[in-house]
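Asker: One predicted model, sequence on top.
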Amino acid sequence: MRFVMAAALTAALLSVVTLFAGETSAKKPLGTWTRTKDDTTMTFKFTNDTLHYESDGGLGKLVVEADYGISKDGKVLFGRIRTIKEGTGPGKDDLFSFGCKVKGDMLTITDFKGTGATALAASFIQGDYKKGDAKKD
C-alpha cells in the first residue's frame, strides 16, 4: 500500500514539475533606457534582479534602487523601492507598477501606479525611453 501511494505521489509531482518546466517567463527589458523631458533626464537600468532609476534636472537629483518582477505576459512590470541613494520623494518600500513594451530600441512606459509619494510620478515617468545611456553614448 505504501509503495502504491509513494508511486502515485511521485507521478503527481513529476506531472507538476513537467507542467511548470514548459512555462517560459517574460523577457525583462534588460539594459539602460533613457529619456529627457523638459530639463530632466531620466534613466532606467534593468539588471536581472534590480531596477536602478536616476533622474537629474531642475528639481534636483533622485537615485533609487528597486526589486522588480514582470508579469508572465510581459506587459506589466511591478516593484518595491529598496533604497533611496540620493534625493527625496519616494519612500523605502513604496510599491509601483507600470505597463511596459519594448519595440526595437524603444521602451514605452504607460499606466504608472504607485503608493506613497511614488504615486505622484505617473505623468513624469510615462513615455518613450531610448536604449542606451545618454551620459555615456
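Answerer: Yep, that arrived.

Asker: what about the helices in this protein?
Answerer: 2-21, 122-125 (DSSP state H).

Asker: worst average pLDDT in the ones you listed?
Answerer: For these, the weakest mean pLDDT is recorded on helix 2-21, namely a mean of 38.

Asker: Now do the contacts for Gly99.
Answerer: Lys75, Val76, Leu77, Thr108, Ile109, Thr110, Asp111 (Cβ atoms under 8 Å, 6 or more residues apart in numbering). From N, CA and C alone the C-beta is placed, and that goes for glycine too.

Asker: For the closest residue to Asp73 other than its chain neighbours, which residues are in contact?
Answerer: In space, and not counting its chain neighbours, Asp73 is closest to Ala26: 6.4 Å by Cβ to Cβ, 6 or more residues apart in numbering. Ala26 makes contacts with Ile70, Ser71, Lys72, Asp73, Gly74, as judged by Cβ under 8 Å, 6+ apart.

Asker: Report the two of these separated the most.
Answerer: Ile70 and Asp73 (8.9 Å; Cβ to Cβ).
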